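*Asks:* Build the 3D model from these lines:
(one chain, ligands or ions: 1)
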Amino acid sequence: MERITSVPGSTYFYYPRLVCVVGVLDQAKETCNFAPVAWATPLSSAPPLYGVCLSPRTYTHKLVLQAGEFTINFMAHDDAGIVAAMGKLSGRLTDKVKELGLALDPPDALRTPTLARAYASAECLLVARHQLGDQTLFAGEVHSIRHRPEAFDEAGVLRPERVAPLLYLGAGRYLSADPASVVSPAGTG
Ligand SMILES: Cc1cc2nc3c(=O)[nH]c(=O)nc-3n(C[C@H](O)[C@H](O)[C@H](O)COP(=O)(O)O)c2cc1C
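*Replies:* Predicted structure coming up:
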């Protein structure tokens with residue numbers, strides 16, 4: 001089979017990725033800022049840790065350092081337009097909550113609101129940060145999780161036939177998961 005050699009950065013070879021919207025308090029402006037990240041990952045189950053990679057150029061990076069906590073919000077495919085807009089604007093210049101008419105849910109455990117439209121969200125306390133190349137990996141301990149009741153089955157697995165998760169393909173393109181493609185090969189799961 002033919003294979004082409006390419007240099008890092010020339011393809012989105014590690015996409016698609018689940019979009020995670022990071023929410024953070026902007027105490028000075030008495031609002032909350034939201035920025036989508038594709039570079040986000042669970043890091044540990046005990047304690048529950050979730051990591052988000054932010055460029056120091058983002059306003060969210062500065063706010064996470066100030067606030068010491070953040071929320072993670074997972075959106076449906078229908079919200080691609082709003083997520084793309086959050087990624088174009090910067091909280092430095094624009095109050096995204098007002099500009100995009102974002103409805104917020106109050107926090108359960110910490111101080112940062114979550115996005116009401118998210119099918120799942122969690123409040124994270126900043127416990128570590130590492131500078132890795134041109135990004136900072138912020139590790140947050142998950143203190144509270146909220147989700148729409150129809151989104152997950154009794155095993156805690158997302159029901160793609162009820163909620164179409166928003167995946168980022170790269171270069172401004174989004175997609176979702178086809179529920180008809182779900183398979184459970186024998187002897188697994
Ligand atoms: C789908 C998507 C994924 C993104 N992933 C990241 C990411 O992983 N890390 C990052 O620093 N910026 C990422 N960005 C860019 C930020 O969201 C963007 O710079 C945003 O405007 C930052 O807002 P802020 O200045 O209010 O923090 C992404 C944008 C989009 C639309």
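*Asks:* okay but residue 114 is in contact with residue 146, surely?
*Replies:* Yes - assessed by CB atoms under 8 Å, residue 114 is found in contact with residue 146 at 6.4 Å. Every C-beta, even on glycine, is put in place using the N, C-alpha and C of the backbone.
*Asks:* okay, which residue is most central for this protein?
*Replies:* residue 20 (1.1 Å; CA atoms, centre = their mean).
*Asks:* any residues in contact with both of residue 114 and residue 146?
*Replies:* Shared contacts of residue 114 and residue 146 (CB atoms under 8 Å, 6 or more residues apart in numbering): 105, 121, 122.
*Asks:* Where does the chain get nearest to the ligand, residue-wise?
*Replies:* Closest residue of the chain to the ligand, CB to the nearest ligand atom: residue 87 (2.6 Å).
*Asks:* Next one: that residue from residue 22, what distance?
*Replies:* Distance, residue 87 to residue 22, using CB to CB, to the nearest Å: 11 Å.
*Asks:* what is in contact with these two at once?
*Replies:* Joint contacts of residue 87 and residue 22 (CB under 8 Å, 6+ apart) are 35, 36.
*Asks:* Between the two, which has more neighbouring residues?
*Replies:* For residue 87 versus residue 22, the count of surrounding residues by other CB atoms under 10 Å is larger for residue 22: 27 against 18.
*Asks:* isn't the more buried one right next to residue 39, touching?
*Replies:* No - counting by CB under 8 Å, residue 22 does not reach residue 39; the two are 10.7 Å apart.
*Asks:* Now do the shared contacts for these two.
*Replies:* Joint contacts of residue 22 and residue 39 (CB under 8 Å, 6+ apart) are residue 52.
*Asks:* since we're on the closest residue to residue 19 other than its chain neighbours, how many residues are nearby?
*Replies:* Closest residue to residue 19 apart from its sequence neighbours, by CB to CB, 6 or more residues apart in numbering: residue 166 at 4.6 Å. Number of residues near residue 166 (other CB under 10 Å) recorded here: 25.
*Asks:* ok, now the one 5 residues further on?
*Replies:* Other residues near residue 171 come to 7 when the count uses other CB under 10 Å.
*Asks:* Read off the pLDDT value for it.
*Replies:* For residue 171, the model assigns a pLDDT of 97.
*Asks:* what about stretch 97-107, average pLDDT?
*Replies:* Average pLDDT, stretch 97-107: 98.
*Asks:* typo on my end, stretch 29-40
*Replies:* Per-residue scores along stretch 29-40 average to 98.
*Asks:* Alpha carbons only: can I get it in PDB?
*Replies:* The C-alpha coordinates for stretch 29-40 follow below in PDB (Å, rounded to 0.1, in the frame of the first residue of the first chain):
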ATOM      1  CA  LYS A  29     -14.800  41.700  34.300                       C
ATOM      2  CA  GLU A  30     -17.400  39.800  36.400                       C
ATOM      3  CA  THR A  31     -18.100  37.300  33.700                       C
ATOM      4  CA  CYS A  32     -17.000  33.900  32.500                       C
ATOM      5  CA  ASN A  33     -15.000  33.100  29.400                       C
ATOM      6  CA  PHE A  34     -15.300  30.000  27.100                       C
ATOM      7  CA  ALA A  35     -12.900  28.700  24.600                       C
ATOM      8  CA  PRO A  36     -13.000  25.400  22.600                       C
ATOM      9  CA  VAL A  37     -10.000  23.100  22.800                       C
ATOM     10  CA  ALA A  38      -9.400  20.000  20.700                       C
ATOM     11  CA  TRP A  39      -6.300  19.100  22.700                       C
ATOM     12  CA  ALA A  40      -7.900  17.800  25.900                       C
END
